[in-house]
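*Asks:* Sequence plus predicted model, see below.
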Amino acid sequence: MAINAILLVNPSTMGKIDAAAIASGIGGYGLMQAAGAHVAACVLRYYPAMVRAIIFCGPGNNGGDGHVAARLLAESGVDVCRYGVEPRPGGDAARAHADCPGKILPLADWCPEPGDVIVDALFGAGLDRPVNDEVAALIERAKAAETPVVAVDLPSGLSGRTGQPTGACFQACHTVTFAALKPGHLLMPGRALCGEMHLCDIGIPARLITGDDPISCNHAGLYNDYLPAADPAQHKYKRGHLVVFSGRLISGGAARLAASAGLHAGAGLVTLATPPGAVMVQATHLTAVMQRSVKSADDLDQWLEDPRLAAFVLGPGFGDLDKARDFVTPLGGANRPVVLDADGLSAFAGDTERLGGLFLGETRLVITPHEGEFRRLFAELSDDPQLSKIDRARAAAKILNAVVVYKGPDTVIAAPDGRAAVNAGAPPWLATAGSGDVLAGIIGALLAQGMPPFEASCAGVAMHGQAGDRAGRAMTAEDLPPHIAPL
Ligand SMILES: NC(=O)C1=CN([C@@H]2O[C@H](COP(=O)(O)OP(=O)(O)OC[C@H]3O[C@@H](n4cnc5c(N)ncnc54)[C@H](O)[C@@H]3O)[C@@H](O)[C@H]2O)[C@H](O)CC1
Ligand SMILES: [K+]
């Protein structure tokens, strides 16, 4: 009996897990009874003062969970009203319906009353199209009446795979799901539409809760074995020399943020590669971060002969897109890890083929686009409504042979080999100017210390979120670097 709190399982895979559990001798009705019991317990726990439990039951097993919850709530003395359709005959849902006394009324008959609490058991993992007009009207009535909703498995109308509503969708206060989370529980706006999540054990053995698709939450198991060791014998060059490329005279702050973050994230040395005209201004701001004047791609080529330069960050405040392309070319050939962010990405808008061609062979490129930068690089992927954010990040990773850190409140980290992680825990106040520069510096520092790109990106996103938690909601990006700490 178990839950898997880190794996993310697509609804189709969840169906296979259900089937495997049933094939192993665990009755489907037993699973449904356990699911319904968790739903009833959630309603009683959070709404002890409710007057009526309004159970909306759909035609499938999601509805079946609802019938079980209705029976248990009625048995505990709650005034239960069921609405919806009778389940298809012969299955577990039909049995749950038969075991639950009382009639089932048409959805349209529900008139909101004060004290109502809705159990949304219309559609869950089986949702495969927009809800019809009758259900859409019901959702509107519930919203207008501000009736609290406890969703079974997923709010009806929400795709468990993409986290996108297929049309109208309930806004739930609580969502009770089973065995493992689905991507739609973490991806936005799905996570917001679910309200408070409750992942419940319904008796499926851990050995069966596995996915054929390597998607997980971002968690320590992904990177712990690769974190830089705090080795007292290490000297600063062993801890990696990170180079951050600075922008011009008036836009040097972003690169300074990345450089400062790099030092706090453990790089032994950090050098700002600065255009000649900005060196003096940058010098007035720098202490532990070193500086080198780099005027042209030829200058850079010559400097790259120094093997101690371990990793590079280009993009924060860089400004000159032509120059960015000129610099990324020798960086690609240097066969060392590179983080491209901001202008380093915009410089290749509509030209991903050229960018990918610079980083062939072993994956050593990490890109850190936010939504807009991703769209500028991959308009086609962004416009395909069938694709989830995970699908998009994975496709981009393959195209570029890069690790993609697709930023947002639901940052997705994807590798060319298909691994993907969704980071859902970052504080919302990280969405502030310069925060991305800090993340680029953290990932650059972990790369400079020898972490592989996917693991460095997962760990960097986690460190960035934890620094944000420590800095607090009044933070600005400048407050972040001192709060960066090893995982
Ligand atoms: N281990 C588990 O996770 C368990 C999950 N359980 C519950 O089972 C549902 C999935 O049940 P399923 O019958 O496959 O699908 P639904 O009940 O979600 O949908 C029923 C049916 O409805 C049709 N349909 C889909 N979209 C629409 C639409 N927009 N309008 C009308 N009809 C639609 C489609 O044919 C679907 O098959 C899961 O969510 C859990 O709640 C088990 O009960 C316990 C174990
Ligand atoms: K539901």
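*Replies:* Received the coordinates, thanks. Ligands and ions are numbered 1, 2, ... in the order given.

*Asks:* and the nearest residue to residue 334 once chain neighbours are set aside, how many neighbours?
*Replies:* The shortest distance from residue 334 to any residue that is not its chain neighbour, by CB to CB, 6 or more residues apart in numbering, is 4.7 Å, and that residue is residue 304. In this view, the C-beta of every residue, glycine as well, is placed from N, C-alpha and C. By the other CB atoms under 10 Å criterion, the neighbourhood of residue 304 contains 17 residues.

*Asks:* How much space separates residue 304 from residue 475?
*Replies:* Counting by CB to CB, to the nearest Å, the gap between residue 304 and residue 475 amounts to 35 Å.

*Asks:* Make sure residue 167 is actually in contact with residue 157.
*Replies:* Yes - applying CB atoms under 8 Å as the test, residue 167 and residue 157 come out as touching, 6.1 Å apart.

*Asks:* neighbour count winner among the two?
*Replies:* Ranked by neighbour count (other CB under 10 Å), residue 167 and residue 157 place residue 157 first, with 24 against 14.

*Asks:* got the contact list for the nearest residue to that one once chain neighbours are set aside?
*Replies:* In space, not counting the residues next to it along the chain, residue 157 is nearest to residue 169; the distance is 3.0 Å by CB to CB, 6+ apart. By CB atoms under 8 Å, 6 or more residues apart in numbering, the residues touching residue 169 are 131, 139, 155-158, 193.

*Asks:* let's see 6 Å
*Replies:* Residues in contact with residue 169, defined by CB atoms under 6 Å, 6 or more residues apart in numbering, are 155, 157-158, 193.

*Asks:* what's the farthest-apart pair in these?
*Replies:* By the measure CB to CB, 157 and 193 form the most distant pair in these, at 8.1 Å.

*Asks:* Next, find the distance separating residue 127 from residue 213.
*Replies:* Between residue 127 and residue 213 the distance is 19 Å, computed by CB to CB.

*Asks:* how deep is residue 370 tucked in, by neighbour count?
*Replies:* Counted by other CB under 10 Å, the residues lying close to residue 370 total 18.

*Asks:* for residue 120, helix, strand, or coil?
*Replies:* Following DSSP: H, G, I helix; E, B strand; the rest coil, residue 120 is assigned to strand.

*Asks:* Tell me what it is bridged to.
*Replies:* The bridge-partner assignment for residue 120, based on DSSP bridges, gives residue 56, residue 151.

*Asks:* In this structure it contacts residue 170, no?
*Replies:* Yes - taking CB atoms under 6 Å as the contact criterion, residue 120 and residue 170 are neighbours in contact, 5.1 Å apart.

*Asks:* Let me see the residues that make contact with the strand or helix carrying residue 442.
*Replies:* The secondary structure element spanning residue 442 is helix 435-448 (assigned by DSSP states H and E). Where contact means CB under 6 Å, 6+ apart, the residues beyond helix 435-448 that reach it are 240, 242, 254, 257-258, 261-262, 265-267, 310-311, 313, 316, 337, 339, 341, 366, 368, 456-457, 459-460, 463-464, 477, 480.

*Asks:* got it, and stretch 191-211?
*Replies:* 1-4, 7, 9, 13, 17, 20-21, 31, 34-35, 38, 42, 155, 158, 169, 171-181, 185.

*Asks:* Just the terminal-to-terminal distance for stretch 166-183.
*Replies:* In terms of CA to CA, to the nearest Å, the two terminal residues of stretch 166-183 are separated by 15 Å.

*Asks:* buried set for it?
*Replies:* 166, 168-183 (16 or more other CB atoms under 10 Å).

*Asks:* ok, that stretch near ligand 2 or not?
*Replies:* No - looking at stretch 166-183 against ligand 2 by CB under 5 Å from the ion, there are no contacts, and the closest approach is 7.4 Å.

*Asks:* Show the average pLDDT along that stretch.
*Replies:* Over the span of stretch 166-183, the pLDDT mean works out to 97.

*Asks:* I figured residue 422 hits residue 184, correct?
*Replies:* No - with the criterion set as CB under 6 Å, residue 422 and residue 184 do not qualify as a contacting pair; they are 10.4 Å apart.

*Asks:* hang on, the earlier thing: spit out the residues that contact residue 167 and residue 157 alike.
*Replies:* Residues within reach of residue 167 and of residue 157 at once, by CB under 6 Å, 6+ apart, are residue 131.

*Asks:* mind checking how far the residue of the stretch 151-300 of the chain found nearest ligand 1 is from residue 200?
*Replies:* Proximity to ligand 1, evaluated over the stretch 151-300 of the chain using CB to the nearest ligand atom, is greatest for residue 153 at 3.5 Å. Per CB to CB, residue 153 is found 10 Å from residue 200.
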